[in-house]
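Q: Got a predicted structure here, sequence first:
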Amino acid sequence: ILFPLTAPTLYFSTANEKVELLPAEQRRLLKWKLTTVTPNVVKHTIARSHFKVTKKSSDWLGCWGHHMKSSGFKALAEHQKLNHFPGTFQIGRKDRLWRNLSKMQLRFGKQEFGFFPRTFVLPQDIKLLRKAWEDAGSRQKWIIKPPASARGIGIQVIHKWSQLPRKRPLLVQKYLHKPYLIGGNKFDLRIYVYVTSYDPLRVYIFSDGLVRFASCKYSSSMKTLSNKFMHLTNYSVNKKNAEYQSNSDDKACQGHKWALKALWQYLGCRGINTTLIWEKIKDIVIKTIIASEPYVNSLLKMNVRSTYSCHELFGFDIMLDENLKPWILEVNISPSLHSNTALDVSIKGQMIRDLLNLAGFRIPQREELLSPCSSASSSSSSLCGGSRERSRVELSADEKVKRAFYLTQRYAEQDFLSSVLDVLTPEDVRVLSESEDELSRRGDFERIFPAAPSSRYLRFFECPRYLNLLLDQWEQRHWSNRTKGIDLLRTLCQRGVHLGTNDPAHMVSNNTISSTASTQLLLYNLCVRVCTCVCLQWSKCSYISRCEAQRQDLVSPSRSRYTSLLASVPGCVSVSPTVSHIVFCTLQSVSQPSHRGGLFRPGRVFSLQPADVPES
């Protein structure tokens with residue numbers, strides 16, 4: 001255990017390791033729900049840690065299964081962990097992936113989101129496709145894909161409009177006709193990405209992966225477009241070719257499947273900067289995960305009791321063009337873990353073992369499941385958690401004040417944002433210690449978000465989240481000296497701060513955030529939320545417009561300056577001298593007649609306490 005008074009996690013060993021057995025009363029709790037898609041590599045890993053598989057029991061701890069409807073996640077108990085998040089089909093379905101990436105490209109430009117080929121979703125985009133088709137000319141190749149298929153099923157490369165199917169939904173993309181070739185063959189990369197949490201967002205990438213080659217030498221001739229062994233790199237397609245050559249050596253550059261590390265060595269020997277390619281791939285991964293973030297977090301709050309219950313492995317398919325620029329092809333939310341060769345076993349076996357350790361499986365806390373612990377030995381009791389922290393859904397009023405304060409600071413300077421670490425609340429300590437403990441179990445995974453350079457990605461989030469800001473600032477302060485940060489968290493955990501405290505040193509209202517400032521910023525945060533709900537087009541509200549011009553005043557609030565700013569909007573807001581009482585009058589610019597007679601009609605006055613502030 002990295003931090004005192006925190007929950008221990010189960011350890012998953014390699015085939016050659018000998019580990020100490022848990023006491024019998026704990027081992028009987030190690031149940032894994034078996035499904036029709038649980039891969040053998042997972043079965044072997046959990047068996048080494050003495051899990052028993054079950055099909056009917058409801059008190060299982062882990063499950064590796066199909067993605068399910070969002071409402072199905074409501075059935076998960078707080079001690080159960082499933083290998084999916086609700087809503088990840090937003091990048092797992094090809095049509096949703098391109099829609100979401102296209103929205104990001106529209107907002108932030110091709111310089112930031114120019115890593116996917118131009119894409120059309122049919123039938124909605126048929127007119128746009130027709131125009132693009134005509135503009136591109138007869139030499140342009142297009143690739144068509146079903147929106148929710150896998151293993152290369154239904155994929156074709158075409159160049160004639162008459163070849164386009166009309167009666168089913170399709171994805172049509174400009175074909176990347178100048179790929180980087182090795183030995184004359186086209187290839188793509190399977191990159192394994194693991195997300196342990198969406199709020200805060202924590203993303204890991206595995207150091208190894210697979211390089212999958214087409215089994216026929218590449219040609220750009222139109223006559224070859226029907227040859228799937230030339231234009232598709234899917235293993236499930238190419239294994240049917242009599243000329244396909246397998247490879248069992250994870251260090252060898254031979255056959256039609258290599259280890260990713262073997263590719264980096266091959267390219268490095270030819271003077272290619274593989275570190276730069278890898279950094280570009282990580283950039284693509286982070287931005288793509290962020291594109292799904294608002295949907296997943298919304299569904300998590302509606303359908304999942306505990307953030308502990310979800311984690312997910314993604315398979316990113318990446319292709320390099322002739323200039324070695326990486327392009328995203330698709331994202332798999334149930335990547336194949338079948339291990340048909342020694343190469344597959346070597347890479348996927350290590351990856352799954354490290355993934356399960358990262359996941360942080362715990363022996364259940366529920367009293368009905370842990371009743372034997374009450375009479376067990378002290379060592380057994382410690383395995384059940386003892387005085388460890390328990391999941392807390394409700395935030396204290398003080399923690400809500402701090403969240404609201406920093407969530408209004410989107411335009412603040414770095415020096416100000418770093419103050420989020422000056423006073424650590426119990427929630428802060430819980431999240432930071434959990435993140436550091438998780439990072440210590442990463443094995444051959446690398447955490448790419450949050451990381452030292454992750455600040456540049458915060459602007460891509462549709463909604464700013466306090467915990468992302470907290471972890472980002474923690475990384476900036478401690479990435480070069482993690483030991484110092486860990487020592488600080490150990491001290492705080494030893495004092496039980498993460499379990500809840502009334503110590504004024506860990507209450508923001510008694511420290512860096514003055515009463516006046518917290519009141520004003522809470523007010524601003526609430527005004528924006530009410531404007532969003534009531535006015536719908538809040539950017540047209542006179543209050544928001546005035547405040548947009550005075551962003552710096554909201555970052556470093558001055559009571560007189562701020563009050564005069566509010567007073568300049570007639571009938572808008574009045575602030576009482578006390579922190580606990582906010583008097584709020586609805587904007588006169590409410591544009592929806594249906595709201596004028598309701599709670600937010602002009603002139604209506606009501607009170608709010610700090611505890612009423614939304615959590616995020």
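A: Sure, I can see it.
Q: Thought residue 499 was touching residue 492, still the case?
A: No: contact criterion C-beta atoms under 8 Å: residue 492 and residue 499 do not qualify, at 10.4 Å. To be clear about C-beta, it is placed using only N, CA and C from the backbone, and glycine gets the same treatment.
Q: Between the two, point out the one with more neighbours.
A: residue 492 (22 against 17; other C-beta atoms under 10 Å).
Q: any idea how far residue 402 is from the more buried one?
A: Going from residue 492 to residue 402 by C-beta to C-beta, to the nearest Å gives 16 Å.
Q: Residue 114: neighbour count?
A: Considering only other C-beta under 10 Å, residue 114 is surrounded by 12 other residues.
Q: Quick one: residues contacting it.
A: By C-beta atoms under 8 Å, 6 or more residues apart in numbering, the contact set of residue 114 is residue 105.
Q: Give me the three-state assignment for it.
A: Secondary structure, DSSP: H, G, I helix; E, B strand; the rest coil: residue 114 is coil.
Q: repeat for residue 133
A: Three-state assignment for residue 133 (three-state DSSP): helix.
Q: Tell me the first helix or strand C-terminal of the strand ranked longest in the chain.
A: As assigned by DSSP state E, the longest strand anywhere in the chain is strand 187-198. Next in sequence after strand 187-198, counting helices and strands by DSSP states H and E, comes strand 201-206.
Q: May I ask which helix or strand encompasses residue 258?
A: With DSSP H and E as the criterion, the answer for residue 258 is strand 257-259.
Q: Roughly how far does residue 275 sit from residue 179?
A: To residue 179, residue 275 is 21 Å away according to C-beta to C-beta.
Q: what do you get for residue 173?
A: Residue 173 is 14 Å from residue 179, by C-beta to C-beta.
Q: in the protein, which helix or strand is least confident?
A: strand 582-585 (a mean of 34; mean pLDDT, DSSP states H and E).
Q: So residue 423 is in contact with residue 503, correct?
A: No: using C-beta under 8 Å, residue 423 makes no contact with residue 503, being 10.5 Å away.
Q: ok, the two, which is more surrounded?
A: residue 423 (19 against 11).
Q: Quickly find the element holding that one.
A: For residue 423, there is no host helix or strand (DSSP H and E).
Q: Can you check the pLDDT for it?
A: Here, the pLDDT recorded for residue 423 equals 91.
Q: One more: residue 452?
A: So residue 452 comes in at 91 (pLDDT).
Q: any idea how far the residue nearest to it when sequence neighbours are not counted is from residue 114?
A: In space, residue 452 comes closest to residue 479 once its chain neighbours are excluded; the distance is 4.3 Å by C-beta to C-beta, 6 or more residues apart in numbering. Look at residue 479 and residue 114: by C-beta to C-beta, they are 28 Å apart.
Q: beta partners for the residue nearest to residue 125 when sequence neighbours are not counted?
A: Spatially, and ignoring its direct neighbours in sequence, residue 125 is nearest to residue 172 (7.9 Å; C-beta to C-beta, 6+ apart). With DSSP bridges as the criterion, residue 172 is bridged to residue 120, residue 144.
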